[in-house]
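[1] this one's structure only:
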């Protein structure tokens, strides 16, 4: 079961990326096209997301290594 604090930050994370996920879904569909501003927002998000997830994964891997020593 997910506690209230975990559900809160997870919900915030989901809300924070949901609009960018929609942009990614619409990027190549036949009936919709991104505006230049939407394409820029998606490109910026992809770069930031890559950096963010890399940093979190490195931290989690390091924490796992330290805890197993």
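    That came through, no problem. Given the structure is predicted, the values throughout are model-derived calculations rather than measurements.
[2] How is residue 59 classified with respect to secondary structure?
    helix (DSSP: H, G, I helix; E, B strand; the rest coil).
[3] Let me see the contact set for it.
    Shown in contact with residue 59 (C-beta atoms under 8 Å, 6 or more residues apart in numbering): no residues. Glycine gets a C-beta too; all of them are placed from N, C-alpha and C.
[4] Start the count at 575 instead of 1 going forward.
    Understood, numbering begins at 575; the last thing we discussed is residue 633.
[5] Quick check: pLDDT value at it.
    Predicted confidence (pLDDT) for residue 633: 94.
[6] cool, residue 643 as well?
    On the pLDDT scale, residue 643 gets 77.
[7] Kindly report the same for residue 625.
    So residue 625 comes in at 95 (pLDDT).
[8] and what of the one 5 residues further on?
    Confidence at residue 630, expressed as pLDDT, is 93.
[9] Could you do residue 575 as well?
    60.
[10] same check, this time on the one 10 residues further on
    Note for residue 585: predicted pLDDT of 86.
[11] Show residues contacting the strand or helix carrying it.
    Take DSSP states H and E as the rule and residue 585 turns out to sit in helix 578-600. If you take C-beta under 8 Å, 6+ apart as the criterion, helix 578-600 is touched by 576, 606-608, 612, 615-616, 619-620, 623.
[12] how far out from the middle of the chain is that helix?
    Here helix 578-600 is found 7 Å from its chain centre; the criterion is C-alpha atoms, centre = their mean, to the nearest Å.
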